[in-house]
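# Next one to model:
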Amino acid sequence: MTEIEILTTASLGDTSYLLVSGDEAALVDPQRDSWELMESCTARGVRIRYALETHVHNDYVSGALEVRAATGATVAGPARAPYAFDHLGLAEGDEIAVGDATLRAMETPGHTAEHTSYLVLDDSRPDRPAAVFTGGSLLVGAAGRTDLSGAGRTEELARAQYRSLRRLALLPDSTRILPTHGAGSSCSAGPAAAERTTTLGAERRTNPALTAADEEEFVRERMAGLPPYPAYYHHMAPVNRSGPPVLGGLPPLRPLTPTAVEGLAGGGAQIVDGRDRASFAAGHLPGSICEELDDRFASLVAEVVPFGTRLVLVLPEPAAEAGREAVRQLLRIGYDNIAGHLAGGVDAWAAAGRPLRSFRTADAAELAGRLAGRRVMDVRPESPDGGIPGALAVPLSELPRRLGELPRDREIWTVCGSGRRATIAASLLDRAGIPVTAVIRGGAEDLLRPTPRP
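Presented below is the predicted three-dimensional model:
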């Protein structure tokens, strides 16, 4: 009997899959931190035979080499993928066996040039695949974007994506569609549905990527209005092609003294504070930025901290647990240069006689109806409602390189949708010496709502 386990990484909007047949398994598009999963397979008496890749990933560091190092599994992937390490290349029609299941390669270029899907075949019905791992090709309610290989190839890959989706659409309606990218991933061209898996029949009826009248309409729609993708994506494919360093487990996080942190910051390290926004605003290390530690922590770090920057962490309590979570998220996207964390946190820094900085915070209600005379900066990624009247519109991801453009003659109020990005932006302005108030509760919609008459 063949079973497929769904392994979701919500913070990246991605899903990996563990296909188990008998005492053998294949791990499809594994995350870098798959160590606990591998230990679980060993405890269950299941041998991972393959770490199987659908494409060279642009949004996370692949865990394929971690799987091979820990289990002896064969790394398999698209024959056309230019990997610099030994792997089993799979071209159209090539098959691998996992227990009683057979996985057959189906070349589906589009999301990337080498992209390959894998049909799951059962010996009892080899002509009717039970499922297909579609990676970044056919998604739930959408399709993978085609501009990650550079603007010069976007249209070419969009046309390839059209043909690949039409091939996938010929599969039986009952075929399970198991994509890697989904809701929350910037690899999707258009919003993906919240569900992680689907069936081909459901997608054929409702997915806009399958209902376009012809290739020209598809290409036009797929290329229109693509939102910017995270800057760190530029670094992921080279890392994955060359092969990331094998870690063998979650590395420990070194405790640092205030003196050590001060020296690291002076040498160019970025201090990242994972505490809640109100605590950060009330008192933080000079030069630090606020990145609340939740599922979005690493992706927001990557919006404002250049790839490769050395990091020092200030952690919420309990620090040991918080440190493991922070490191895990950062390693998933290649932010490996983590010097350690400030032992004892902000209290230890203050006790050592070192200064703290702070800035004012406010609710959106305090600003609503009182925009006149206030300098407001809207840092949302996009403003579908047209933005806040009179506000500076600077998406958070652009703010670090545009700080020099900002006026410094009076206070700036930072606003976003909920207060999260507004606080990060305020920490960047505070670091630059610009007076700031962060709207940490509520956001732009509250400011755009008509003010009731008294």
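
# And for the closest residue to L18 other than its chain neighbours, the neighbour number?
Spatial nearest neighbour of L18, excluding adjacent residues (CB to CB, 6 or more residues apart in numbering): E5 at 4.2 Å. (Glycine included, C-beta is placed from N, CA and C.) The tally of other residues near E5 (other CB atoms under 10 Å) stands at 13.

# Check which helix or strand E5 maps to.
strand 2-9 (DSSP states H and E).

# what are the pairing partners of that strand, and which direction each?
If you go by DSSP bridges, strand 2-9 pairs up with strand 14-21 (antiparallel).

# So for the strand it pairs with, mean pLDDT?
Across strand 14-21, the average pLDDT comes to 98.

# ditto for stretch 381-398
For stretch 381-398, the mean per-residue pLDDT is 83.

# ok, now stretch 277-284?
98.

# Tell me where the stretch 51-200 of the chain has strands.
74-78, 88-90, 95-98, 101-107, 116-122, 131-135, 138-139, 142-144, 176-179, 188-189, 198-199 (DSSP state E, counting those that start in this stretch).

# among the ones you listed, which is the most enclosed?
strand 138-139 (a mean of 31; mean count of other CB atoms under 10 Å).

# now for that strand, which elements pack on it?
strand 176-179, helix 208-211 (3 or more CB pairs under 8 Å, 6 or more residues apart in numbering; DSSP states H and E).

# so what does the first one touch, helix or strand wise?
Right, the one you point to is strand 176-179. Partner elements for strand 176-179 (3+ CB pairs under 8 Å, 6+ apart): strand 2-9, strand 14-21, strand 131-135, strand 138-139, strand 198-199.

# For the stretch 351-454 of the chain, which segments count as helices?
For the stretch 351-454 of the chain, the helices defined by DSSP state H, counting those that start in this stretch cover 364-367, 399-402, 420-431, 444-448.

# same thing with the stretch 151-300 of the chain?
Counting by DSSP H, counting those that start in this stretch, the stretch 151-300 of the chain has helices at residues 154-168, 200-206, 208-211, 215-223, 233-242, 258-266, 277-282, 297-304.

# Mind putting those into a markdown table with mean neighbour count and distance to H87?
Below are the helices of the stretch 151-300 of the chain laid out as a markdown table (neighbours: other CB atoms under 10 Å; distance: least, CB to CB, whole Å):
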| stretch | mean neighbour count | distance to H87 |
| --- | --- | --- |
| helix 154-168 | 20 | 22 |
| helix 200-206 | 17 | 29 |
| helix 208-211 | 17 | 29 |
| helix 215-223 | 17 | 30 |
| helix 233-242 | 17 | 11 |
| helix 258-266 | 16 | 37 |
| helix 277-282 | 20 | 44 |
| helix 297-304 | 22 | 27 |
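
# for those helices, which one sits closest to D86?
Shortest distance between D86 and the helices of the stretch 151-300 of the chain, using CB to CB, is found for helix 233-242: 12.9 Å.

# what mean pLDDT does that closest one have?
97.

# Pull the residues that contact that helix.
Helix 233-242 is contacted by residues 56-62, 81-85, 148, 186, 307-308, 333-334 when judged by CB atoms under 8 Å, 6 or more residues apart in numbering.

# what about 10 Å?
Contacting residues not belonging to helix 233-242 are listed as 53, 55-62, 64-65, 77, 81-85, 112, 148-150, 186-187, 230, 232, 244-245, 302, 306-308, 333-336 [CB atoms under 10 Å, 6 or more residues apart in numbering].

# any idea how far that helix is from the chain center?
Centroid displacement of helix 233-242 relative to its chain, using CA atoms, centre = their mean, to the nearest Å, is 14 Å.

# quick one: that helix to strand 74-78, angle?
120 degrees (axes from the mean of the first three to the mean of the last three CA atoms, to 10 degrees).

# export stretch 69-89 as CSV, just CAs?
Coordinates of each C-alpha in stretch 69-89 appear next as CSV, following Å, rounded to 0.1, in the frame of the first residue of the first chain:
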residue,chain,number,x,y,z
ALA,A,69,24.1,12.6,4.1
ALA,A,70,21.8,11.2,6.9
THR,A,71,20.2,8.2,5.1
GLY,A,72,22.3,7.3,2.0
ALA,A,73,19.4,8.2,-0.2
THR,A,74,19.9,8.9,-3.9
VAL,A,75,19.3,12.5,-4.9
ALA,A,76,17.2,12.5,-8.0
GLY,A,77,15.9,15.4,-10.1
PRO,A,78,15.4,16.8,-13.6
ALA,A,79,17.9,15.6,-16.1
ARG,A,80,18.3,19.2,-17.3
ALA,A,81,19.0,20.7,-13.9
PRO,A,82,22.6,21.9,-13.8
TYR,A,83,23.4,20.5,-10.4
ALA,A,84,27.1,20.6,-9.5
PHE,A,85,26.9,17.5,-7.4
ASP,A,86,26.3,13.8,-8.1
HIS,A,87,22.6,13.0,-8.7
LEU,A,88,20.3,10.8,-10.7
GLY,A,89,19.0,12.8,-13.6
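
# So for A352, which of the helices and strands packed on strand 176-179 sits nearest?
strand 2-9 (37.8 Å).

# quick revisit: may I see the helices and strands packed on strand 176-179 arranged in TSV, with distance to D347 as well?
Rendered in TSV, the data for these read as follows (distance: least, CB to CB, whole Å):
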stretch	distance to D347
strand 2-9	33
strand 14-21	37
strand 131-135	47
strand 138-139	46
strand 198-199	50
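
# I'd like to know which of these is closest to A326.
Here strand 2-9 is closest among the helices and strands packed on strand 176-179 (CB to CB), at 15.2 Å.

# Which residues belonging to the closest one are considered buried?
Of all the residues in strand 2-9, those buried under the rule 16 or more other CB atoms under 10 Å are T2, I4, L7, T9.

# Show me which positions of stretch 268-275 end up buried.
Buried residues in stretch 268-275 (16+ other CB under 10 Å): A269, Q270, I271, V272, D273, G274, R275.

# ok, of the residues you listed, which one's closest to P355?
I271 (13.5 Å).

# Find the residue closest to that closest one in space, skipping its chain neighbours.
The nearest residue in space to I271 (CB to CB, 6+ apart) is S288, at 3.8 Å.

# was I right about that neighbour contacting V312?
Yes: if you go by CB atoms under 10 Å, S288 and V312 touch, sitting 8.5 Å apart.

# And these two? Which one has more around it.
Comparing S288 with V312 by other CB under 10 Å, the one with more neighbours is S288, at 26 against 23.

# pLDDT score for the more buried one?
Taking S288 on its own, its pLDDT is 98.

# any idea how far it lies from D295?
21 Å (CB to CB, to the nearest Å).

# ditto for S62
20 Å.

# Of these two, give the one with the bigger neighbour count.
It is S62, of S62 and D295, that has more neighbours when counted by other CB under 10 Å, with 25 against 13.

# quick one: contacts for the residue nearest to I271?
261, 265, 270-273, 275, 280, 312-314, 342, 346, 349, 356-357, 427, 430-431.

# phi, psi of it?
Backbone torsions of S288, given as degrees, to the nearest 10, read phi -80, psi 160.

# where exactly do the strands run in the stretch 351-454 of the chain?
For the stretch 351-454 of the chain, applying DSSP E, counting those that start in this stretch gives strands covering 360-363, 375-378, 392-393, 412-415, 436-441.
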